[in-house]
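# Mind looking at a prediction? Sequence and model below.
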Amino acid sequence: MLDRDNILLIITFWIFISTAAIQLFYYLWFYLAVPLYRPKGSLNNIQPVSVIICARNESENLNRFLPAVLEQKYPEYEVIVVNDCSEDNSYEILGKYLLQYPHLKVSTINKDPKFTHNKKLAQFIGIKASKNELLLFTDADCTPDSDRWLEGMVSNFSEKTTFVLGYGGYFREKGLLNNFIRYDCMTIAMQYFGMALRGIPYMGVGRNLAYRRSLFFANKGYGAHNQLASGDDDLIVNGNATSENTLTEFRMGTHTRSIAAHLIKDFIKQKKRHYTTAPHYKFRDKLLLITEPASRVLFYTSIAVLLSFIFLWPYVLAVFGLRLIIQVIVLSLVSRKLNEPGIVPISLFFDIFSPVIYSVIYISKPGSKSGRNRWK
């Protein structure tokens with residue numbers, strides 16, 4: 001007869017096997033779909049497009065990054081910069097570029113001490129000012145990886161395409177925080193690209209996202225989510241994207257790069273703001289998103305328990321080794337596809353601790369209620 005300790009170890013072993021199976025499913029079904037994907041869009045598919053950038057006190061970034069957007073090798077496009085209540089010299093920087101680039105348009109929102117608003121109002125102003133059906137969004141602190149960015153993103157639009165999900169990565173810098181932010185960005189992209197490729201699009205990132213102007217107005221803008229501090233990108237995708245109307249684009253040259261946070265507190269603040277949108281996702285998406293990190297926690301916990309008791313250790317190590325090999329192969333292929341060098345070795349460390357880090361950030365005390373109207 002089995003004693004109580006053996007019964008608990010057997011249960012732990014089957015938890016280990018079950019969570020390993022879940023992990024392998026995510027890697028082989030969703031994540032591997034990213035490096036195996038071959039784009040369908042033809043680079044000869046030229047359509048007029050409006051690029052929309054919202055900026056508040058971004059004079060330095062506008063001066064540094066805006067020319068790369070304005071100098072795309074694309075025949076017909078406009079760039080709309082919404083200068084939202086800036087108190088730096090953004091107006092002078094934009095005025096300089098207005099003289100150089102006839103396809104640049106600037107909309108200005110003046111500061112009103114009696115009225116505060118979030119980024120969505122600036123986005124709405126930019127969309128209203130646009131003249132084209134196709135809209136491509138990025139941020140003032142972003143730059144395209146090449147002068148073929150527009151060509152690659154727009155090439156995916158056909159009559160039935162409403163959304164094109166692009167990749168917005170971060171500049172590579174020294175330091176553990178930068179590595180973690182890039183790991184976080186890459187694995188999130190691996191997730192939303194993989195789910196979209198398997199017919200379950202659930203989000204996009206505003207650093208590199210395209211959709212139709214008509215969809216925005218048919219959806220009555222951001223609707224019930226208008227007052228949320230975030231969600232101008234992921235929630236409009238979550239509520240309207242389908243397997244039929246959504247494509248992904250992550251060929252080399254179609255990525256954007258942004259400046260990563262240099263302080264831990266800034267990264268945490270950014271993650272908290274993003275987490276405000278999570279409760280508004282579809283139930284199916286929330287279930288899929290929570291299952292992977294939850295299974296990962298149980299996987300690592302159970303293997304630690306089993307090995308500490310030397311219980312069925314050859315089988316435990318074999319399953320762990322299989323999962324590790326597949327993980328390294330998939331992450332290596334994805335990092336190459338998304339041009340994220342140096343991520344894979346340290347990602348194995350982040351893989352263990354990131355669910356705990358994210359959980360602590362998510363359940364930690366949120367900011368004040370007034371934060372819902374903060375722009376950034």
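Great, that's in hand.
# where does the protein dip in pLDDT?
Counting by pLDDT under 70, the chain contains low-confidence ranges at 1-2, 41-42, 113-115, 229, 365-376.
# Going along the chain, name the strands of it.
Using DSSP state E, the strands of the chain run over residues 49-55, 77-84, 104-109, 134-139, 142-144, 163-166, 168-170, 209-212, 246-249, 256-258.
# Within the sheet, what are the partner strands of the third one, with directions?
Think strand 104-109. Taking DSSP bridges as the criterion, strand 104-109 pairs within the sheet with strand 77-84 (parallel).
# So which residues make contact with the partner strand?
Where contact means C-beta atoms under 8 Å, 6 or more residues apart in numbering, the residues beyond strand 77-84 that reach it are 48-56, 62, 66, 69-70, 90-91, 94, 101, 103-109, 119, 121-123, 125-126, 129-132, 140, 150, 375. All C-beta spots, glycine's among them, are computed from the backbone N, C-alpha and C.
# and the residues you listed, which are buried?
Under a neighbour-count criterion of 16 or more other C-beta atoms under 10 Å, the subset of the contacts of strand 77-84 counted as buried comprises 49-56, 62, 66, 69-70, 90, 94, 101, 104-107, 109, 119, 121-123, 125-126, 129-130, 132, 140, 150, 375.
# Quick check: the closest residue to G239 other than its chain neighbours vs L348, distance?
The shortest distance from G239 to any residue other than its chain neighbours is 7.3 Å, reached at N219 (C-beta to C-beta, 6 or more residues apart in numbering). Separation of N219 from L348 (C-beta to C-beta, to the nearest Å) stands at 41 Å.
# Ok, N118 next?
Taking C-beta to C-beta as the measure, N118 falls 38 Å from L348.
# more neighbours, these two?
Each of N118 and L348 has its neighbours counted (other C-beta atoms under 10 Å); N118 has more, 22 against 12.
# ok, the residue nearest to K286 when sequence neighbours are not counted - contacts?
Leaving aside its sequence neighbours, K286 sits nearest to A278 (C-beta to C-beta, 6+ apart; 7.0 Å). With contacts defined as C-beta under 8 Å, 6+ apart, A278 is in contact with K286, L289, Y362.
# Over to V356?
For V356, the residues meeting the contact criterion (C-beta under 8 Å, 6+ apart) are V297.
# any idea how far it lies from E92?
As for V356, its distance to E92 is 46 Å (criterion: C-beta to C-beta).
# go on, D232?
Counting by C-beta to C-beta, the separation of D232 from E92 is 27 Å.
# Please look at T291 and Q23 and confirm they touch.
No. No contact is recorded between T291 and Q23 when judged using C-beta atoms under 8 Å, the distance being 10.1 Å.
# who has more neighbours, these two?
Q23 (20 against 14).
# quick one, what contacts that one?
Under the criterion of C-beta under 8 Å, 6+ apart, the contact partners of Q23 comprise E292, S295, R296, F299, R323, Q327.
# Go through these and name the one nearest Y27.
Nearest to Y27 out of the contacts of Q23 is Q327 (C-beta to C-beta; 6.1 Å).
# just checking, the closest one touches I352?
No. The pair Q327 / I352 is not scored as a contact, 11.5 Å apart, by C-beta under 8 Å.
# Give me the more crowded residue out of those two.
Shown here are Q327 and I352; by other C-beta under 10 Å, Q327 has more neighbours (18 against 12).
# how close does the residue nearest to that one when sequence neighbours are not counted get to L338?
Once flanking residues are discounted, Q327 sits nearest to Y27: 6.1 Å by C-beta to C-beta, 6+ apart. Taking C-beta to C-beta as the measure, Y27 falls 16 Å from L338.
# And for L36?
From L36 across to L338, the span is 14 Å (C-beta to C-beta).
# Have a look at those two and say which one is more surrounded.
Of the pair L36 and L338, L338 is the one with more neighbours under other C-beta under 10 Å, namely 22 against 12.
# Backbone dihedrals for the more buried one, please?
Dihedral angles of L338 (phi, psi; degrees, to the nearest 10) stand at phi -100, psi 10.
# I'd guessed it sits against H255; true?
Yes. Taking C-beta under 8 Å as the definition, L338 is a contact partner of H255 at 7.0 Å.
# Look up the residues that both of those two are in contact with.
With contacts taken as C-beta under 8 Å, 6+ apart, L338 and H255 have Y167, G169 as neighbours in common.
# dump the residue contacts of the residue nearest to D88 when sequence neighbours are not counted.
Distance criterion C-beta to C-beta, 6+ apart; nearest residue to D88, sequence neighbours excluded, is S59 at 4.4 Å. Shown here is S59, whose contacts under the criterion C-beta under 8 Å, 6+ apart are S86, D88, N89, S90, E92, I93.
# Can you pull the phi/psi pair for the third one?
According to degrees, to the nearest 10, the main-chain angles of N89 amount to phi -100, psi 30.
# Number of residues surrounding it?
Applying other C-beta under 10 Å, I find that N89 has 14 neighbouring residues.
# ok, the closest residue to it other than its chain neighbours to D141 distance?
By the measure of C-beta to C-beta, 6+ apart, the closest residue to N89 outside its immediate chain neighbours is S59, 4.8 Å from it. Spatial separation of S59 from D141 under the definition C-beta to C-beta is 11 Å.
# This completes my enquiry, with thanks.
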